[in-house]
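>>> Need a 3D model of the sequence below.
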Amino acid sequence: IVAYVIFVFSSYYRIEDKQTLVIENNQSNDTIDVNKEYTISTYNIGFGAHSQDYTFFMDSGETKEGKETKGKWSKARSKEEVIFNTSNAIQTITALKPDFCLFQEVDTNATRSHYIDQFQMIKDNFKGYNSTFGINFHSVYLPYPFHDMHGRVNAGIATLSRFKIQTSTRHSLTVTNSLSKLFDLDRCFVSNEFNTSNGNKL
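Predicted coordinates for the structure are as follows:
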């Protein structure tokens, strides 16, 4: 236990503020026409775990009959379920044909999603889009809850665009000063800048 506590404290770090992010597949030279309407989608994919009968261990509430309920799982129940749920989330957004796509709770290397690289899955299905990824959850192995340990997490927020991204910056937000910060989100938002037809920026 002592060794684990030392490991957790020695491994903790916060990602720097105003971090410049890598822009992938940034090939489009199109600028945004200020006289045209565009579409944007947003989807929290819940690390691919949330099938209809899935419940998360940190969630609680009550049914309409007044019965108290408590979530059960910490990880997705199987690798196959992660692939299935992530693929269907991607298909849902693909069908909308948005100009900009925002995805949250996207895992790249996490125990809870059976180490499926969901960002890569997304990029593979949006080949005509530019993309950026900002990490907002990176933690060492969390051996809790004991019946279904959450494990290690590396996850973030993904932005995809049909238009050339000029700059992409990750901005850190305030996090708690309590010990829970060791396993909690490294909260942030990502700003992406685009050129427009009237010489301004979006």
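>>> Provide a list of residues in contact with Asn154.
With contact taken as Cβ atoms under 8 Å, 6 or more residues apart in numbering, Asn154 is in contact with Asp107, Thr108, Asn109, Ala110, Ile135, Phe137, His138. Yep, even glycine has a C-beta here, placed from its N, CA and C like the rest.
>>> From those residues, pick the one nearest Trp73.
Proximity of those to Trp73 (Cβ to Cβ) peaks at Ala110, which lies at 14.1 Å.
>>> What's the separation between the residue lying closest to the closest one once chain neighbours are set aside and Lys64?
Of all residues not flanking Ala110 in the chain, Val153 sits nearest, at 4.5 Å (Cβ to Cβ, 6 or more residues apart in numbering). Distance of Val153 to Lys64, given as Cβ to Cβ, to the nearest Å: 33 Å.
>>> Then Asn195?
Taken as Cβ to Cβ, the span from Asn195 to Lys64 is 51 Å.
>>> Need the CA coordinates for the helix or strand containing Phe119. PDB is fine.
Using DSSP states H and E, Phe119 sits in helix 118-125. Only the C-alpha atoms of helix 118-125 are listed here, as PDB (Å, rounded to 0.1, in the frame of the first residue of the first chain):
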ATOM      1  CA  GLN A 118     -11.200   5.200 -29.900                       C
ATOM      2  CA  PHE A 119      -9.700   8.400 -31.300                       C
ATOM      3  CA  GLN A 120      -8.000   6.200 -34.000                       C
ATOM      4  CA  MET A 121     -11.400   4.600 -34.700                       C
ATOM      5  CA  ILE A 122     -13.000   8.000 -35.100                       C
ATOM      6  CA  LYS A 123     -10.200   9.300 -37.400                       C
ATOM      7  CA  ASP A 124     -10.400   6.100 -39.600                       C
ATOM      8  CA  ASN A 125     -14.100   6.900 -40.200                       C
END
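>>> Show me what that helix is packed against.
helix 79-96, strand 100-107, strand 130-142, strand 151-161 (3 or more Cβ pairs under 8 Å, 6 or more residues apart in numbering; DSSP states H and E).
>>> Report the inter-axis angle for that helix versus helix 79-96.
Angle of helix 118-125 versus helix 79-96, following axes from the mean of the first three to the mean of the last three Cα atoms, to 10 degrees, is 40 degrees.
>>> let's have the chain start at 17 instead
I'll keep to 17 as the first residue from here, and by that count the last item is helix 134-141.
>>> before we move on, the earlier item: who has more neighbours out of Asn211 and Lys80?
Asn211 (17 against 5; other Cβ atoms under 10 Å).
>>> For the more buried one, give the beta-bridge partners.
Counting by DSSP bridges, Asn211 forms beta bridges with Lys217.
>>> Give me the residue ranges of this protein where confidence is low.
By pLDDT under 70, the low-scoring segments of the chain are 195, 197-199.
>>> and the residue nearest to Ala126, what is it in contact with?
When contacts are counted by Cβ under 8 Å, 6+ apart, Val169 touches Asp123, Ala126, Thr127, Arg128, Phe153, His154, Ser155, Leu158.
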